[in-house]
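1. Test case, fold it:
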Amino acid sequence: MPKLEANLQWMFNEYDLIDRYDAAARAGFKGVELQAPYPLEIDQIVERLEKNDLKHVIINSPVSDNDSGINNIALRADRKDLYAERTAKAVEYASGLGCIGVNIGCGPIGDVDPQEAHETFIYNIRHAADELAMVGVVALVEPINTRDQPGFFVNTSRGGLDAIAEAGHPNLALLYDFYHMQIMEG
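-> Sure, this is the predicted structure:
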């Protein structure tokens, strides 16, 4: 029997972000995922997790530069320092929330040179895997379909597996989303 987690980014949107944890528990979920928990304080979330006997399974590492509007810092050589800062934030939250994984993301290739994007992404996922391994959290690479996210850099299961193999880090794994891969691979 599959275990299903509530994705609080997309579910229970009629509630404030923090109250979605309560709603998930009332709906019978035992695990939750929230791509962007960063507007909330870690202890706020932990209180709701404990109150509702929930497990926070996955979060996403923030991959956008909100100041410039760039949404693919994992692919840009000139944003490696910012990616490292964002990874540190994800490590802090994942560790504090007891997550098993962090989706380390990449974003759309946009105007980035493909070779630069590839080399920078491999460098960054190795770094993220190192940092997350120190707190016992797995670094996850999730391919995203290009219909919903045009130009998404890692957009097939083969692309995700190849990036993981090239990075060669034991703390990297594929986050396989059936929705995205059905669109891309049938």
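
2. And this protein, what are its domain boundaries?
-> 1-59, 61-185 (the TED database).

3. Let's have these in TSV, adding mean neighbour count and mean pLDDT.
-> (Glycine included, C-beta is placed from N, CA and C.) Listed next are the domains of the chain as TSV, based on neighbours: other Cβ atoms under 10 Å; pLDDT from 0 to 100:
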stretch	mean neighbour count	mean pLDDT
domain 1-59	16	96
domain 61-185	18	94
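
4. What strands line up against the lengthiest strand in the chain, and which way round?
-> When every strand of the chain is counted residue by residue (DSSP state E), the longest turns out to be strand 55-60. Its sheet considered, strand 55-60 pairs with strand 31-34 (parallel), strand 101-103 (parallel) by DSSP bridges.

5. Kindly reformat these as CSV containing distance to Ile164.
-> CSV is the format used below for the strands paired with strand 55-60 (distance: least, Cβ to Cβ, whole Å):
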stretch, distance to Ile164
strand 31-34, 20
strand 101-103, 13
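
6. Sticking with the closest residue to Leu174 other than its chain neighbours, tell me its helix or strand.
-> Once flanking residues are discounted, Leu174 sits nearest to Gly160: 4.9 Å by Cβ to Cβ, 6 or more residues apart in numbering. Per DSSP states H and E, Gly160 falls inside helix 157-167.

7. With just CA atoms, put that helix into CSV.
-> C-alpha atoms of helix 157-167 as CSV (Å, rounded to 0.1, in the frame of the first residue of the first chain):
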residue,chain,number,x,y,z
SER,A,157,14.1,10.4,-15.6
ARG,A,158,17.2,9.6,-17.8
GLY,A,159,18.4,13.2,-17.4
GLY,A,160,18.0,13.0,-13.6
LEU,A,161,19.7,9.6,-13.4
ASP,A,162,22.6,10.8,-15.6
ALA,A,163,23.2,13.9,-13.5
ILE,A,164,23.2,11.8,-10.4
ALA,A,165,25.6,9.3,-11.9
GLU,A,166,28.0,12.0,-13.2
ALA,A,167,28.0,13.7,-9.8
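
8. residues in contact with that helix?
-> The contact list for helix 157-167 (Cβ atoms under 8 Å, 6 or more residues apart in numbering) reads 121-122, 125-126, 129, 141-143, 154, 172-174, 176, 181, 185.
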